[in-house]
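Q: structure of the sequence below:
(one chain, ligands or ions: 1)
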Amino acid sequence: MAFELTIRDVRVAPATVLAPMEGITDREFRMLIRGMGGVGLTVTEFISSDQLDKKVKRAWAMAELDPAEHPVSIQIYGREPEAMARAAAGCEELGADIVDLNFGCPSKRVTCGLSGSALMREPALARRMFAAVRAAISVPMTVKMRLGWDHDTLTAPEIARIAEGEGASLVAVHGRTRMQLYKGVADWRAVRAVKDAVSVPVLVNGDILTVDDAVRALAESGADGVMVGRGTMRDPWILRKIADHMAGRTPYEPPLDDRRACLLRYFDLLRDASRTDHIAIGRMKKVTGYFTRGLPYGDEVRQAIFHSHEIEPIYAAVDAYFERLAAEAIRDGFSQVHDLEIAPFEPGQRRR
Ligand SMILES: Cc1cc2nc3c(=O)[nH]c(=O)nc-3n(C[C@H](O)[C@H](O)[C@H](O)COP(=O)(O)O)c2cc1C
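A: Numbers count the residues shown, from 1 in each chain. Predicted coordinates for the structure are as follows:
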């Protein structure tokens, strides 16, 4: 059977989804990953429904899509059903193929506003929110959630059932509770309870870094597809590799030149998209930090670029880095990186 799914009438083929990541999955990053191939769906960073509702420019800028990135889902968060509904309608107008509701963010800034994962404890409010959003849009509505608030409150199956009852067309589940934040390991088996509770497609998410992880996560959860976040920063080809494997092909293993080209292409995208060089440099440093963590000589290239205040030396440092790897015939070590110490940002922390 082909590894694909449909979100009501939106075909996601292959069933590989780039997870929403605040501060990371902006339009440029989404286009970078999509360009690798093997990506069935991308999701924006979460966007505040209140800010969309109040017409805050920065929020609307975050919701801007590239004409070439379809299907794409815009994720919104908030607590007020009517504001969520109005924001969702705005996202549809902007061209979203899907509107996703955030029920997973553990950030205090979000949960103290009692949205994100805090909604996992409020089934009545969740129901009203699903109904209000559903009534406001004609594109599919989906929900991304955690397993529950804590191990005593594993409400994901209940909230998923409510979501389906109110017209949601897919549920994505990060196999951790809110209280776990990013600690411990994602429990893919626990996602099976959600799969058993609903008949809409389910995505399994959390700690998928390799093709083997994806295969195990699918087997343990029974989910219909995978959603990968941090793994794409370590290995931008991971979704393609998973898609290759699921289609019976040998997973693509990019040569060093492709890796270098990938990072430099991303730099070009950042340069074009950023208002000033200063902003572009900040974003280049951040992404190089992610892309090289745990890699051979990664520390050295990070040190070299973190002290740069201009763009050209950053390009030069990355070039020199890859030349060194090539000269020393280092070709692997990239896909085996297994630490995931990428902490999410608090909303609003990012500077562009
Ligand atoms: C930096 C960062 C930002 C995140 N921002 C969002 C977000 O905006 N919306 C959301 O639903 N989840 C967000 N997440 C959670 C991820 O989508 C995902 O559920 C989580 O990282 C586990 O998957 P992974 O192990 O594949 O990264 C974020 C995670 C990280 C690391």
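
Q: flag every buried residue along stretch 12-19.
A: For stretch 12-19, the neighbour count (16 or more other CB atoms under 10 Å) marks 12, 14-19 as buried. Bear in mind the C-beta positions are built from the backbone N, C-alpha and C, glycine included.

Q: before we move on, what about stretch 202-221?
A: Buried, per 16+ other CB under 10 Å, within stretch 202-221: 202-211, 213-214, 217-218, 220-221.

Q: pick the one among those residues closest to Thr142.
A: Distance ranking of the buried residues of stretch 202-221 against Thr142, using CB to CB, places Leu203 first at 8.8 Å.

Q: in three-state terms, label the closest residue to the ligand within the stretch 51-200 of the chain for me.
A: Nearest to the ligand in the stretch 51-200 of the chain, going by CB to the nearest ligand atom, is His174, at a distance of 3.8 Å. Of the three states, His174 takes strand under DSSP: H, G, I helix; E, B strand; the rest coil.

Q: and it, what is it in contact with?
A: His174 makes contact with 104, 144-147, 186, 205-206 under the criterion CB atoms under 8 Å, 6 or more residues apart in numbering.

Q: at 7 Å instead, please
A: 104, 146, 186, 205-206 (CB atoms under 7 Å, 6 or more residues apart in numbering).

Q: again, but for Phe103
A: 116-117, 119-120, 143-145, 159.

Q: quick check: beta-bridge partners of it?
A: On the basis of DSSP bridges, Phe103 is bridged to Met145.

Q: count the residues that sit near the residue of the stretch 151-300 of the chain found nearest the ligand.
A: Residue of the stretch 151-300 of the chain nearest the ligand, by CB to the nearest ligand atom: Gly229 (2.8 Å). Counted by other CB atoms under 10 Å, the residues lying close to Gly229 total 22.

Q: not counting sequence-adjacent ones, nearest residue to it?
A: Excluding its sequence neighbours, the residue lying closest to Gly229 (CB to CB, 6 or more residues apart in numbering) is Ala19, at 3.4 Å.

Q: show me this protein divided up by domain.
A: 5-246, 256-327 (automatic domain parsing).

Q: ok, now which ones touch Ala118?
A: Residues counted as contacts of Ala118 (CB under 7 Å, 6+ apart) are Thr111.

Q: from Gln75, how far out is it?
A: According to CB to CB, to the nearest Å, Ala118 stands 16 Å off from Gln75.

Q: circling back to that earlier point, inside strands: which ones of the buried residues of stretch 202-221?
A: The members of the buried residues of stretch 202-221 that map onto strands under DSSP state E are 202-205.

Q: near the ligand, from those residues?
A: Asn205 (CB under 6 Å from any ligand atom).

Q: and the ligand, which of the buried residues of stretch 12-19 reach it?
A: Subset of the buried residues of stretch 12-19 in contact with the ligand: Ala19, counting by CB under 6 Å from any ligand atom.

Q: for the residue of the stretch 51-200 of the chain closest to the ligand, list each beta-bridge partner.
A: Arg146, Asn205.

Q: and it, how far from Leu239?
A: For His174, the distance to Leu239 - CB to CB - is 17 Å.

Q: next: Arg259.
A: 16 Å.

Q: neighbour-wise, which of these two wins?
A: Neighbours per residue, other CB under 10 Å: of Arg259 and Leu239, the larger number sits with Leu239, 29 against 19.

Q: the helix or strand harbouring that one close to the ligand?
A: According to DSSP states H and E, Leu239 maps onto helix 238-246. No: judged by CB under 6 Å from any ligand atom, helix 238-246 makes no contact with the ligand; its nearest approach is 9.3 Å.

Q: what does stretch 86-100 give?
A: No: taking CB under 6 Å from any ligand atom as the criterion, stretch 86-100 and the ligand are apart, separated by no less than 7.6 Å.
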